Each structure stands twice: as C-alpha cells, then as structure tokens.
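Student: return a 3D structure for these sequence lines:
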Amino acid sequence: MRLLTIHPGASSSTSDVADGLYYGLEQHGVELVRYRLDQRIERSHRWLNYNWRRTKKVNPAIERPTTADVFYQAGIGTLEMALRHQVDCVLVVSAMFLHPDVIIMLKRAGLRVTVLFTESPYDQDRELKVARLVDGCWTSERTSVSAFQAVNPRSAYLPHAWHPLRHLEGRAATAFDVPAHDVVFVGTGFPERITWLSSIDWTGIDLGLYGNWQHLGSRHPLRRFVREGVVDNVRAVALYHRAKIGLNLYRGGELEAQRAESLNPRAYELARCGVFTLSTYRAEVVDVFGDLMPTCSSPFEASVLLRRWLADEEGRTRIQRALPARVAESSWVHRSAHVIGDLQTLLGARAA
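Tutor: Okay, the predicted model is just below:
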C-alpha cells in the first residue's frame, strides 16, 4: 500500500500525532509519500506577501493575500504529488490548515481521501464539514463518533497513542540538560488553563510550565513558573522523567469537559514513560488507569492531591512501576494496524 500523507500544518502536538502514525504505518510495511504542509504554508506566506508588496507599488488597490489564499497555495501541490506517485490513498492528519478545495480536487481526480481528526470536540463543527467531503475518517474523541457517522458512514474512533522511539520507560533523563521540578506541565496556556492553575496554592512547590504561554501578562503570578517556550516531544519526555509529578490538564470549559471522554496524547505518553500523573477528569482516564492516575475536578482538589502525593515518594514509585503495562498495547504501531485495516476495507470496496 502506498499513501500520500499530508502533515497537519502545525508544529505542535498534532505534528507529534502525525509522526507517531507515520512511524506505525511504516513498521507495517506501508510506503509513505510525505507532504510537509507546515513547510509549504511558511513558504507560501512569504511568496504571496512578497509579490503582493511588489505589485502594490504599481497597483495600490490590489488586495492583500488572505489566510485562505496561503492555505490554498500551500496545499494544491498535493494533487500533483498524489498523481505523480500513483498513491492508493491520501491520508490527512487534522486537516485544520488544509484548504477544503484541495480535498475536492483530489476527489475529482479519482483519489481516495481520508482524515484523522484530532480536535474533537473543540473544533468538531468544522471537522464535520470536512468529514462530508472525504471517503473515510477517524476521530480521537469517542463521544464524537456518532456525529461523524451521521455525515460519513466510514467514520471510526482511533484513540491517541505513544511513540515507541520517544516514550521509553525508565529513559535516562541525564541525556538532556533539563531541570527537575516537583510538578511539570507541557502544553498551551489556554485562558481556562491559566484560570485553573492560578487558583492553586503553589507555595513551596516547584512548578515548571513549558509551551506557549503568550496569554500570560508579564506581571501575572504564573509568569515566574514559565521556564521555556515550546519544547519538542523528546525534551518533554526528559522533563517528565525528572519531575515528581506530571500534570495533565484537559482543554475546554465546562461544556467541553462534559462532552469529552477520551484520553489526550499526553496521558499515553506520561503513562508509557512511567511518570506519576495527576489529571483532570475524563471518563477514559478511569477506564484505562483505574486508581493509578489520580484525578481532580477543581483547583482546590488539585492542591490537596499535589501535596498529598509529593509527600508520598513510596506511593508514587509503586504507581509509576504499574503505569506502562496499562498502555502496553496502545502504541502507534498498534493503532496503525487498525488504520491499515480500515484503508484496506475502503480500497476493497472501491475495487468491488
């Protein structure tokens, strides 16, 4: 099987999902032709705006390129690449930054197009519009499957996973020069997360915040805990291993919290690395980990649990040793086998 894989277009967590999925597919012998949408978006933005500035000197009325123009220019090369390499199917991760016209033209060319959606339920309305255009799709949120199946019968649930080359149990943290924190969180500082973390009493606790925290003002009380900007998955793993507690905060306000049940990538990664984790509640946290991953539903509860477990090194060690087994069959190699099965069914139906 030969696939054209279209990168998510972002260089954050969705990129890590793509890396894991691609690795798993290749381990099963799938040939991948990779389309780096992130790099092409950057180049398209520079090229379109450069030509706009030049043309504006002689035609002041010319309109500036829009974000849609950039996405279209960046994505249209998928059509040429798919036809040149005669791929069996096109596999898109996220599709957040892929212009829908590109998908329509791929379909007109007779190509099968599938998408792994990663932003449900937060961006589900937009995802459902794309799902109507493609031949098949997966969502990483189990409560969203019925909504996707209503617009595309070939929709399924594909849980997140861990990367076999990156998320290793007992990996030596000394290979990376990273600090050892009491509590570490690697992620984006969404407003609701900032509000939540601000309500916790951090007195006497060494908190390390990493990622994009641009919404924090220079004088915000949490600013002193921001140690670095965005870190790659490899450095994040080193930070997890050196921390006493890995913090896992799910996105969204009250409505999203009520709707969502599935684990995020961070939950699988922390567990596979054998890192004691305190998590906000999701139904799948209990389903997969039972009492091995304590959950909290409020900042006050988090404050109590953080201090309780920071003082219990023996208890943390016991849980750390048990966590990897709970996700032993949740690697991207395992998940990719399901993707391949669904693709074979899709291609088989077309042949019939």
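
Student: and this structure, what are its domains?
Tutor: In terms of domains, the chain is parsed into 2-161+331-351, 173-326 (source: automatic domain parsing).

Student: after the helix or strand of the chain with the lowest mean pLDDT comes which helix or strand?
Tutor: Least confident helix or strand, the chain: helix 254-259 with a mean of 55, by mean pLDDT, DSSP states H and E. Using DSSP states H and E, the helix or strand that follows helix 254-259 towards the C-terminus is helix 265-272.

Student: quick one: contacts for Ala260?
Tutor: Neighbouring residues of Ala260 by C-beta atoms under 8 Å, 6 or more residues apart in numbering: 120-121, 141, 143, 250, 252, 282. Glycine gets a C-beta too; all of them are placed from N, C-alpha and C.

Student: looking at the residues you listed, state which has the most neighbours.
Tutor: When neighbours are taken as other C-beta atoms under 10 Å, the top entry among these is Glu141 (29 neighbours).

Student: can you give me the strands in the chain?
Tutor: In the chain, the strands defined using DSSP state E lie at 2-6, 31-35, 89-93, 113-117, 136-139, 155-157, 183-186, 207-210, 226-228, 245-248, 277-280, 295-296.

Student: residues touching Gln149, list them.
Tutor: By C-beta under 8 Å, 6+ apart, the residues touching Gln149 are Ser155.

Student: how close does it sit to Pro8?
Tutor: Remark: distance between Gln149 and Pro8 (C-beta to C-beta, to the nearest Å) = 23 Å.

Student: sorry, back to before: which of the domains of the chain sits closest to His167?
Tutor: domain 173-326 (4.2 Å; C-beta to C-beta).

Student: distance between the closest one and the chain's centre?
Tutor: The chain centre lies 16 Å from the centre of domain 173-326; the measure is C-alpha atoms, centre = their mean, to the nearest Å.

Student: check stretch 331-346 too.
Tutor: Here stretch 331-346 is found 18 Å from its chain centre; the criterion is C-alpha atoms, centre = their mean.

Student: what mean pLDDT does it get?
Tutor: Averaged across stretch 331-346, the pLDDT comes to 97.

Student: just the residues contacting that stretch, thanks.
Tutor: 1, 3, 20-21, 23-25, 27-28, 30, 88-89, 91, 112, 114, 116, 135-136, 138, 154, 156, 158-159, 161-164, 272.

Student: out of those residues, which are buried?
Tutor: Of the members of the contacts of stretch 331-346, the ones counted as buried by neighbours, 16 or more other C-beta atoms under 10 Å, are 3, 20-21, 23-25, 30, 88-89, 91, 112, 114, 116, 135-136, 138, 154, 158-159, 161-164, 272.

Student: surely Ser155 and Glu141 touch.
Tutor: No - checked against C-beta atoms under 8 Å, the pair Ser155 and Glu141 is beyond contact range at 11.6 Å.

Student: please tell me how far the nearest residue to His167 once chain neighbours are set aside sits from Ala109.
Tutor: Distance criterion C-beta to C-beta, 6 or more residues apart in numbering; nearest residue to His167, sequence neighbours excluded, is Arg272 at 4.2 Å. Computed with C-beta to C-beta, the distance linking Arg272 and Ala109 is 40 Å.

Student: and the residue sitting furthest away from the middle of the chain, what are its phi and psi?
Tutor: Relative to the mean C-alpha coordinate of the chain, counting by C-alpha atoms, centre = their mean, the farthest residue is Val58 (44.1 Å). Phi and psi for Val58, reported as degrees, to the nearest 10, are phi -110, psi -10.

Student: other residues contacting stretch 76-88?
Tutor: 1-4, 6, 33, 35, 40, 90, 99, 102, 105-106, 109, 111-112, 343, 347.

Student: ok, now with 7 Å
Tutor: For stretch 76-88, the external contacting residues (C-beta atoms under 7 Å, 6 or more residues apart in numbering) are 1-4, 6, 33, 35, 40, 90, 102, 105-106, 109, 111, 347.

Student: and if you look at stretch 211-223?
Tutor: Stretch 211-223 is contacted from outside by 186-189, 191, 194, 197-198, 209, 226, 229-230, using C-beta under 7 Å, 6+ apart.

Student: mind redoing it with 6 Å?
Tutor: 186-189, 191, 197-198, 226, 230 (C-beta atoms under 6 Å, 6 or more residues apart in numbering).

Student: how about these, which pair is most distant?
Tutor: Farthest-apart pair in the contacts of stretch 211-223 is Ser198 and Val230; separation 21.3 Å (C-beta to C-beta).

Student: pLDDT weak spots in the stretch 201-350 of the chain?
Tutor: Applying pLDDT under 70 to the stretch 201-350 of the chain flags the ranges 252-258, 350.

Student: from Tyr250, how far out is Gly208?
Tutor: For Gly208 relative to Tyr250 (C-beta to C-beta), the value is 19 Å.

Student: nope, Phe117 is what I was after
Tutor: Distance from Phe117 to Tyr250, counting by C-beta to C-beta: 17 Å.

Student: kindly report the same for Asp69.
Tutor: From Asp69 to Tyr250 the distance is 34 Å (C-beta to C-beta).

Student: for Tyr268, same thing?
Tutor: Distance, Tyr268 to Tyr250, by C-beta to C-beta: 13 Å.

Student: then Ile200?
Tutor: In terms of C-beta to C-beta, Ile200 sits 16 Å off from Tyr250.

Student: with Leu25 instead?
Tutor: Counting by C-beta to C-beta, the separation of Leu25 from Tyr250 is 27 Å.

Student: same check on Arg193?
Tutor: Counting by C-beta to C-beta, the separation of Arg193 from Tyr250 is 9 Å.
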